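> My questions concern the predicted model and sequence given below.
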Amino acid sequence: MACMWKCILLSIFIVFGRSDALTGYFWHISDLHWDPSYDLSSSSQSKCASSGGRPTPHAGRYGDYVCDSPWSLINSSLTAMREILPDPDFIMWTGDDTPHVPDDQLGEQAVLRIIGNLTNIIKSTFPKTKVYSAMGNHDYHPKNQMPPAKSTIYEQTANLWRDWLHTASQETFKTGGYYTEKLLNQTGLRVIVLNTNLYYDQNKLTEKVKDPADQFSWADKVLQDAAKNNEKVYLIGHVPPGLFEKKRDKGWFRKEFNKRYIELIQKHSAVIMGQFFGHHHTDSFRMFYNSKGSPISAMYLTPGVTPWITTLPGVIDGGNNPGIRIFEYDTKTLLVKDIITYYLNLTYANIARARWEKEYRLTEAFRVPDASPASMHRVMERISSEKCSLQKYFELNSVSYDLSECHADCRVDHVCALREVDYDAYEKCVLKEGGSSNAPVLFILFLSLMLSLWSLN
């Protein structure tokens with residue numbers, strides 16, 4: 001009962017805390033990664049297939065940090081969303097629905113079943129709410145291998161989402177997994193949902209394709225038309241460009257696709273009011289600048305619902321607490337006014353009860369007036385220059401899971417990932433900021449210098 005009243009009070013605060021009539025609210029959720037195999041009654045040392053054989057001695061009702069989400073966690077997150085903000089303007093759902101298991105443990109029908117079950121619980125929880133949903137790299141079989149052409153999974157997923165997709169959206173979705181619509185059918189506002197899994201460096205089907213599914217040329221045309229029609233745009237996707245902040249030099253896009261994406265943003269920054277992605281499972285953002293170094297766009301990376309500790313080599317203790325997120329925005333201009341993140345302390349939930357709490361509000365935590373590109377640039381500068389802001393960001397990055405100290409190399413990894421989406425610029429940032437684990441890069445520079453000196457002799 002106490003939890004119910006707390007959620008009601010939180011809802012009142014969100015809805016009435018700011019009286020501006022132009023302020024709207026929407027949810028962004030990502031990386032649910034439901035693991036149907038999660039079973040507390042199992043006699044095995046591991047209670048889930050997604051642990052990859054890692055033991056789960058602390059597994060509880062709401063999951064384990066080495067497992068993907070059990071259904072109880074999925075249900076708890078949607079219930080919390082309904083209690084905190086029951087009538088959002090819309091929901092962004094940026095994919096990755098299936099567990100981290102080998103392909104031979106899933107199959108095409110299993111993938112579609114999982115997408116279908118998650119679609120149904122979102123629909124039943126928010127039956128009147130528009131959902132803008134993007135596919136993740138795990139929402140296919142085999143995982144990561146999304147084709148730049150029509151496919152059964154694209155078609156079947158479009159059918160599952162038909163209540164959310166306009167007829168024209170269904171057609172482009174079936175062709176390449178992407179679409180565009182007027183935001184809530186309002187003149188002057190637009191959403192573009194991309195299938196950036198086509199640019200993922202693990203996708204063998206797009207390795208030698210210049211413009212997979214013609215998505216770049218399509219997005220360029222949509223954005224050109226948006227400018228002509230005086231529209232403002234939100235871009236939505238799953239796999240983001242740039243580098244992963246928890247592993248140095250780890251990018252997701254192929255280099256040529258990463259470069260082309262940045263060029264798209266720079267060309268159309270006047271109409272793009274926000275980019276919304278997932279995939280990392282972490283709470284972060286990325287900055288985009290023009291040729292003069294001025295901030296022109298911000299990409300908001302929403303944390304995952306799954307608490308799964310990644311098995312990506314080189315990442316130390318890369319888990320997170322489950323997170324869900326509300327965006328406050330200007331309903332006329334699409335300016336992002338604020339970001340409020342809620343989380344579940346998984347350890348506490350398993351010991352006592354599920355208690356979704358407000359983790360932080362961006363404007364309060366980092367002392368900025370809004371979440372515009374200019375403000376996010378200020379946040380990035382504070383993280384770069386202030387030790388207390390760096391530590392605060394670092395702890396929020398894992399949704400209050402990793403509370404260790406962010407050391408010097410940690411700072412370099414996070415700051416350069418925030419600041420530089422371009423791969424070459426990122427490498428220069430690492431060198432400039434004094435990263436210690438760039439021996440290969442330093443060695444190459446040393447060789448270049450020696451060769452230059454030798455050529456002068």
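Looks like it came in fine.
> drop to CA atoms for contacts and neighbour counts, all remaining ones
OK.
> Now for Gly318: which residues touch it?
Listed by CA atoms under 8 Å, 6 or more residues apart in numbering, the contact set of Gly318 reads 246, 309-310, 398.
> Going by distance to Thr167, which of those wins?
Using CA to CA, Thr310 comes nearest to Thr167 of the contacts of Gly318, at 37.9 Å.
> The closest one contacts Gly304, correct?
No: when contacts are counted by CA atoms under 8 Å, Thr310 is not listed as touching Gly304 (12.0 Å).
> More neighbours: which of these two?
Neighbours were counted for Thr310 and for Gly304 using other CA atoms under 10 Å; Gly304 has more, 31 against 20.
> tell me which element that one is part of?
Secondary structure here is read from DSSP states H and E; on that basis Gly304 sits in neither a helix nor a strand.
> Was I right to think it contacts Ile324?
Yes: counting by CA under 8 Å, Gly304 does reach Ile324; the two are 7.4 Å apart.
> Determine the three-state secondary structure at Gln275.
strand (DSSP: H, G, I helix; E, B strand; the rest coil).
> Would you mind confirming that it makes contact with His238?
No: applying CA under 8 Å, one finds Gln275 not in contact with His238, separated by 10.4 Å.
> neighbour-wise, which of these two wins?
His238 (28 against 21).
> residue contacts, that one?
His238 makes contact with 94-96, 134-137, 194-197, 277-279, according to CA under 8 Å, 6+ apart.
> ok, so of those residues, who is nearest Trp161?
For Trp161, the closest of those turns out to be Ala134, at 10.4 Å, with distances computed as CA to CA.
> Count residues in the vicinity of that closest one, would you?
Applying other CA under 10 Å, we find 28 other residues in the vicinity of Ala134.
> Skip the chain neighbours and tell me the closest residue to it.
The shortest distance from Ala134 to any residue that is not its chain neighbour, by CA to CA, 6 or more residues apart in numbering, is 4.8 Å, and that residue is Thr94.
> Also Lys337?
Asp370 (4.5 Å).
> could you dump the contacts of Gly318 to CSV with secondary structure?
Formatted as CSV, the contacts of Gly318 follow (three-state DSSP):
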residue, secondary structure
Lys246, coil
Ile309, coil
Thr310, coil
Ser398, coil
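> give me the beta-bridge partners of Leu189?
Lys232 (DSSP bridges).
> Next up, the contacts around it.
182-183, 231-233, 332-334.
> residue boundaries of the helices in the stretch 351-457 of the chain?
Defined through DSSP state H, counting those that start in this stretch, the helices belonging to the stretch 351-457 of the chain, from first to last, are 362-366, 373-385, 387-397, 408-419, 423-433, 439-456.
> Next one, pLDDT for Leu451 please.
pLDDT for Leu451: 43.
> That should have said Phe285, apologies.
In this model, Phe285 is scored at 98, pLDDT.
> which secondary structure element contains the nearest residue to it once chain neighbours are set aside?
Closest residue to Phe285 apart from its sequence neighbours, by CA to CA, 6+ apart: Tyr300 at 4.5 Å. Per DSSP H and E: Tyr300 is located in strand 295-301.
> Direction included, what does that strand pair against?
Partners of strand 295-301 in its sheet, by DSSP bridges: strand 272-277 (parallel), strand 284-289 (antiparallel).
> Those strands: which one's closest to Ser389?
Closest to Ser389 of the strands paired with strand 295-301, according to CA to CA: strand 284-289, at 13.4 Å.
> For the helix or strand harbouring Asp225, buried residues please.
Here Asp225 is covered by helix 215-228, with elements defined by DSSP H and E. Neighbour-count burial for helix 215-228, with 16 or more other CA atoms under 10 Å as criterion, is recorded at 215-216, 219, 222-224, 226-227.
> tell me what it is packed against?
If contacts are counted by 3 or more CA pairs under 8 Å, 6 or more residues apart in numbering; DSSP states H and E, helix 215-228 sits against helix 255-268.
> Would you agree Lys91 falls within a strand?
That one is not Lys; residue 91 is Ile. Yes: the assignment for Ile91 (three-state DSSP) places it in a strand.
> Tell me what it is bridged to.
Following DSSP bridges, Ile91 is listed with bridge partners Trp27, Val131.
> Enumerate every residue touching it.
Residues near Ile91 by CA under 8 Å, 6+ apart: 26-29, 129-132.
> Report the separation between it and Phe173.
Using CA to CA, to the nearest Å, one gets 18 Å for the distance from Ile91 to Phe173.
> what do you get for Val379?
With CA to CA as the criterion, Val379 and Phe173 are 36 Å apart.
> Same question for Leu118.
Following CA to CA, the distance that separates Leu118 from Phe173 is 19 Å.
> can you list contacts of stretch 267-279?
Surrounding stretch 267-279, the residues in contact under the criterion CA under 8 Å, 6+ apart are 30-31, 94-96, 136, 223-224, 226-227, 230-240, 265, 296-304, 334-336.
> Would you write a PyMOL line that selects the buried entries of those?
The following PyMOL line selects those of the contacts of stretch 267-279 that are buried, judged by 16+ other CA under 10 Å:
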select buried, resi 30+31+94+95+96+136+223+224+226+227+231+232+233+234+235+236+237+238+239+240+265+296+297+298+299+300+301+302+303+304+334+335+336
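> hmm, back to that, quick check, nearest of the contacts of Gly318 to Asp283?
Proximity of those to Asp283 was ranked by CA to CA; the top entry is Ser398 with 6.4 Å.
> List the contacts of that closest one.
Ser398 sits next to 282-283, 303, 318-321 when contact means CA under 8 Å, 6+ apart.
> With distance to Ala349 and pLDDT added, can I get the contacts of Leu189 in a markdown table?
Formatted as a markdown table, the entries for those read as follows, by distance: CA to CA, whole Å; pLDDT from 0 to 100:
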| residue | distance to Ala349 | pLDDT |
| --- | --- | --- |
| Lys182 | 39 | 98 |
| Leu183 | 36 | 98 |
| Glu231 | 44 | 98 |
| Lys232 | 40 | 98 |
| Val233 | 38 | 98 |
| Lys332 | 39 | 97 |
| Thr333 | 39 | 98 |
| Leu334 | 36 | 98 |
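> where along the stretch 101-250 of the chain do the helices fall?
108-125, 152-160, 167-176, 215-228.
> just checking, what packs against the longest one?
Packing contacts for helix 108-125, counted by 3+ CA pairs under 8 Å, 6+ apart, involve helix 71-84, helix 152-160.
> Please identify the buried residues of it?
Within helix 108-125, the residues that qualify as buried by neighbour count (16+ other CA under 10 Å) are 111-112, 114-116, 118-119, 122-123.
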